[in-house]
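**Q** Model the following, please.
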Amino acid sequence: MQLIASQVPTLFAGGSKAITVNKTGEWRFLTPFKMNRLSPCRQGCLLDGEIPAWLEAVKQKKWAEAWEIMSRYNPFPAITGYVCFNPCEQNCNRTQLDQGINIRAVEKAIGLWRLDHYQPPERNKEVKKEIAIVGSGPAGLSCAYYLSSAGYGVTIYERSAVIGGMLALGIPEYRLPRDILRQELAILKAEGIIFKTNSALGKDFQLDDLYKQHEQVFLATGAWLARKSNIPGAESRYVYNALDFLCQYNQSRIPEVGKTVVVIGGGNAAIDSARSALRIAGVQHVVLIYRRSRPEMPADQHEIDLAEQEGVEFIFNALPREIIKTEERIIGVRIDYCRTEKQGLFVDRDRSFIKDCQSVIMALGQVPDLAGLGTINSSQNIFAGGDLVSGPATVAEAIKAGHCAAEAIKNVDEKLKDLSFQANYGDPVTFEYLNLAARNNLDLKQRDDNPVAEAERCLGCGTCNSCGICYLYCPDLAVVIANGRFEFNLDYCKGCGICVNECPARALEMKEEPANDF
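**A** Below you'll find the predicted structure:
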C-alpha cells in the first residue's frame with residue numbers, strides 16, 4: 001500500500017509553537033544566557049545607571065518598570081534630567097550611525113512620570129533606627145531616600161532657611177525649575193523624612209547632640225567656602241564670590257552689579273554666574289575671563305555654548321592683574337594675556353588691557369568649611385560624603401555619594417556581606433563589536449522629542465533590547481515571547497549558539513549549565 005503525504009503525521013514543521021515530540025534541549029551541553037555587559041553610556045554615567053535597561057522599559061511604555069530600574073541608582077531623575085551634564089551621551093555608540101541617544105531627555109521623562117504617579121506609602125511602618133543627616137543638598141537627600149526606603153527614620157538638618165542645598169541656592173531656576181525641586185522635597189516629606197532648617201552644625205548644635213537622638217550621623221555639608229583671591233582690589237564692595245552671588249540671585253535678592261559685569265573663572269559656577277548676571281535688569285554686558293584656552297575650560301561645553309549664544313563675551317588666555325576702583329565704586333579690571341607652557345603659566349605683562357565694569361564675580365572655586373565639625377569622638381561612627389569629601393563636584397556624583405553612604409550605614413547596622421557598589425563589568429561594548437548587520441531594518445534616525453520614540457533608537461549595547469533576531473534565527477523554536485520579552489524555552493534549545501552569533505547587541509553568551517546535585 002502506497003502512503004500519501006497527507007497521511008503521514010507531520011513531526012517537524014515551521015510555525016510559532018514548539019514541537020513537543022523531540023525535546024532537543026536534552027542534547028545541549030552549552031546554554032545561551034542573557035548578559036548585562038557594560039555599555040559605553042553606562043561606563044560614562046556618573047551614577048553607574050542601567051541606562052539600556054530603563055531605555056528598553058520606556059520603549060515598551062513600561063514606565064513603572066523604568067522607574068524601578070532607575071531608582072536603584074538615582075532617586076531624582078526629574079532633577080538630573082535637567083541639570084546633569086550627561087557624559088553618558090558623549091559615549092553613545094549611536095553617534096557612529098546618526099546621532100547619539102538623548103538619554104537625559106528620556107531620564108527626565110521617567111522622573112516626571114514618577115512625580116505624576118507618586119502614591120504616599122502607609123505611615124505605620126516600623127522604624128529600624130534613627131539617622132541624622134547634616135546638609136540637604138543632593139548627597140544628603142539621596143542618603144535620606146535610600147535609608148528611608150530601607151525602613152530607617154531620617155532627620156535632615158539644614159543650616160539655611162531653604163531646603164535643597166546647592167540645588168536650591170547654587171543652580172539657577174532656568175536650569176532647574178523650582179517646582180520640580182518642590183515636588184521632590186514633598187515626596188521625601190511624605191515618606192516620613194523630617195527636615196529641620198536654620199540648624200547649623202557648630203552653631204545651633206554639636207555632633208555630640210546628634211548622637212543623643214540618633215544612632216548614626218551622615219555629614220553632607222558641601223563645599224561652600226570660597227577660595228580667597230590675592231588680586232588687589234578683590235576686597236571691594238562690588239566684588240562678589242560666585243556662590244554668594246548665586247545664593248542672592250536664586251533667592252530673588254538681586255545683587256547690585258551695574259551695566260557691565262566681569263566674571264573671573266572657568267568652571268560651571270562661573271558659567272552659571274555669567275548667565276544669571278545677564279538676566280538681571282539693567283545689565284547690558286557680561287565678560288568672562290579665563291586663564292586658559294576654551295577647550296581647557298572645566299565647565300560643561302554645552303553650557304559654554306549656551307552662554308556664548310546668550311551674549312556672554314569670553315576672553316581666554318587672560319589673567320586679571322588688579323581690580324581698579326575709586327573710593328566708592330569699581331571702574332574696571334586690568335588684564336594681562338597669558339599662555340600655558342611646560343614650566344607653568346606664563347604671564348605677558350607687556351600685553352595688558354583694561355576692561356571697564358561696575359562689578360566683578362570671582363568664581364575661583366570652593367572648599368569645605370570644616371570649622372563647625374568640632375572635636376570628633378573616635379568611638380563614634382561618622383559618615384561623610386558629597387562635596388564635603390570630594391570637593392566641588394556634580395549633582396550626579398553627590399547623589400551617588402549619598403547612596404554609598406546609605407549602603408555603608410546599612411552595612412554597619414545590618415552586617416551586610418556585600419558592600420560593593422559598582423561591579424566590574426569588563427570592557428564596554430564598542431561600536432565595532434556590535435553585530436548591526438543582523439538588523440537589516442535598522443533605520444537612520446535623528447533625535448526625537450517623544451521619549452518612547454527616542455528610547456526606540458537605543459542599540460541596547462550589551463543588553464537585550466527585544467529586537468527579536470534570536471527569535472527569527474532559532475532553528476528549534478526555542479525562543480518564545482513572554483510578557484513582551486524574548487525568553488528561552490530550554491526544553492527545545494540544543495545549544496547551537498546561532499542566537500549568540502547573530503545577536504546585534506552582543507547581549508548573549510554560551511555557557512555551561514550549573515551541574516545538578518542529586
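**Q** next one: stretch 316-324 to chain centre, how far?
**A** Mean-position distance between stretch 316-324 and its chain equals 34 Å (Cα atoms, centre = their mean, to the nearest Å).
**Q** Same check on stretch 476-486?
**A** The answer for stretch 476-486 is 34 Å, by Cα atoms, centre = their mean.
**Q** So which bits of that stretch are buried?
**A** By neighbour count on 16 or more other Cβ atoms under 10 Å, the buried set for stretch 476-486 is 476-480, 486. (Each C-beta comes from the backbone N, C-alpha and C, glycine too.)
**Q** Also stretch 188-196?
**A** Buried positions in stretch 188-196, judged by neighbour count with 16+ other Cβ under 10 Å: 188, 191-193, 195.
**Q** now those residues as CSV including secondary structure and distance to E513?
**A** Formatted as CSV, the buried residues of stretch 188-196 follow (DSSP: H, G, I helix; E, B strand; the rest coil; distance: Cβ to Cβ, whole Å):
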residue, secondary structure, distance to E513
L188, helix, 45
E191, coil, 43
G192, coil, 45
I193, coil, 46
F195, strand, 52
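**Q** separation between N381 and P368?
**A** Noted for N381: a distance of 20 Å to P368, by Cβ to Cβ, to the nearest Å.
**Q** Comparing the two, which residue is more hemmed in?
**A** P368 (20 against 14; other Cβ atoms under 10 Å).
**Q** Just list the residues touching that one, thanks.
**A** By Cβ atoms under 8 Å, 6 or more residues apart in numbering, the contact list for P368 reads 221-225, 387-389, 391.
**Q** Just send those back as CSV, with neighbour count, distance to E184 and secondary structure too.
**A** What follows is the contacts of P368, written out as CSV (neighbours: other Cβ atoms under 10 Å; distance: Cβ to Cβ, whole Å; DSSP: H, G, I helix; E, B strand; the rest coil):
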residue, neighbour count, distance to E184, secondary structure
T221, 27, 20, coil
G222, 28, 18, coil
A223, 22, 22, coil
W224, 23, 21, coil
L225, 15, 27, strand
D387, 26, 19, helix
L388, 25, 21, helix
V389, 16, 23, helix
G391, 13, 25, coil
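**Q** now, which of the residues you listed sits nearest G372?
**A** Nearest to G372 out of the contacts of P368 is T221 (Cβ to Cβ; 7.5 Å).
**Q** hang on, isn't the closest one packed against Q366?
**A** No. The criterion here is Cβ atoms under 8 Å, and T221 misses it with Q366 at 11.8 Å.
**Q** For L97, give me its contacts.
**A** 436, 442, 444.
**Q** distance of it from A438?
**A** 15 Å.
**Q** now R321
**A** On the measure of Cβ to Cβ, R321 and A438 end up 63 Å apart.
**Q** any idea of the pLDDT on S148?
**A** On the pLDDT scale, S148 is placed at 95.
**Q** Any idea how many residues pack against it?
**A** When neighbours are counted by other Cβ under 10 Å, S148 registers 21.
**Q** D116: neighbour count?
**A** D116 has 10 neighbouring residues, counting by other Cβ under 10 Å.
**Q** can I assume it sits in a helix?
**A** Yes. Membership of D116 in a helix is supported by DSSP: H, G, I helix; E, B strand; the rest coil.
**Q** confidence score at it?
**A** Here, the pLDDT recorded for D116 equals 97.
**Q** same thing with R339?
**A** On pLDDT, R339 comes in at 85.
**Q** swap in the one 5 residues further on?
**A** Among the per-residue scores, G344 holds a pLDDT of 77.
**Q** so who does the most centrally placed residue in the chain touch?
**A** Nearest to the mean C-alpha position of the chain, by Cα atoms, centre = their mean, lies A396 at 3.6 Å. Going by Cβ under 8 Å, 6+ apart, A396 touches 45-47, 74, 80, 84.
**Q** domain ranges for this protein?
**A** Annotated domains of the chain cover 8-35+465-511, 40-119+432-456, 130-224+368-414, 227-365 [automatic domain parsing].
**Q** need those domains in JSON lines with distance to G426, can you?
**A** Shown next, in JSON lines, are those (distance: least, Cβ to Cβ, whole Å):
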{"stretch": "domain 8-35+465-511", "distance to G426": "10"}
{"stretch": "domain 40-119+432-456", "distance to G426": "10"}
{"stretch": "domain 130-224+368-414", "distance to G426": "21"}
{"stretch": "domain 227-365", "distance to G426": "29"}
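**Q** now the strands for the stretch 151-300 of the chain?
**A** Applying DSSP state E, counting those that start in this stretch to the stretch 151-300 of the chain gives strands spanning 153-157, 194-196, 216-219, 225-226, 239-241, 260-264, 285-289.
**Q** Please identify the most buried of those strands.
**A** A comparison of those by mean neighbour count, using mean count of other Cβ atoms under 10 Å, puts strand 260-264 on top with a mean of 27.
**Q** Which strands and helices lie in contact with it?
**A** Packing partners of strand 260-264 (3 or more Cβ pairs under 8 Å, 6 or more residues apart in numbering; DSSP states H and E): helix 268-278, strand 285-289, strand 359-362.
**Q** Now distance to D448 too, for these, in TSV please.
**A** Formatted as TSV, the helices and strands packed on strand 260-264 follow (distance: least, Cβ to Cβ, whole Å):
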stretch	distance to D448
helix 268-278	28
strand 285-289	34
strand 359-362	39
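**Q** Any stretches of the stretch 401-518 of the chain with poor pLDDT?
**A** Across the stretch 401-518 of the chain, residues meeting the criterion (pLDDT under 70) sit at 413-425, 514-518.
**Q** Helices of the stretch 301-450 of the chain, residue ranges please.
**A** Taking DSSP state H, counting those that start in this stretch, the helices of the stretch 301-450 of the chain run over residues 301-310, 387-390, 395-414.
**Q** Same list (those) but as JSON lines, adding distance to A53.
**A** Listed next are these as JSON lines, based on distance: least, Cβ to Cβ, whole Å:
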{"stretch": "helix 301-310", "distance to A53": "26"}
{"stretch": "helix 387-390", "distance to A53": "27"}
{"stretch": "helix 395-414", "distance to A53": "17"}
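**Q** Could you point out which of those helices sits nearest S359?
**A** Nearest to S359, of all these, is helix 301-310, at 17.4 Å by Cβ to Cβ.
**Q** got the contact list for the closest one?
**A** The contact list for helix 301-310 (Cβ under 8 Å, 6+ apart) reads 85, 268, 271-272, 274-275, 278, 288, 294, 297, 314.
**Q** Filter these down to the buried ones, PyMOL style.
**A** Provided next is the PyMOL selection string for whichever of those are buried by 16+ other Cβ under 10 Å:
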select buried, resi 85+268+271+272+274+275+278+288+297+314
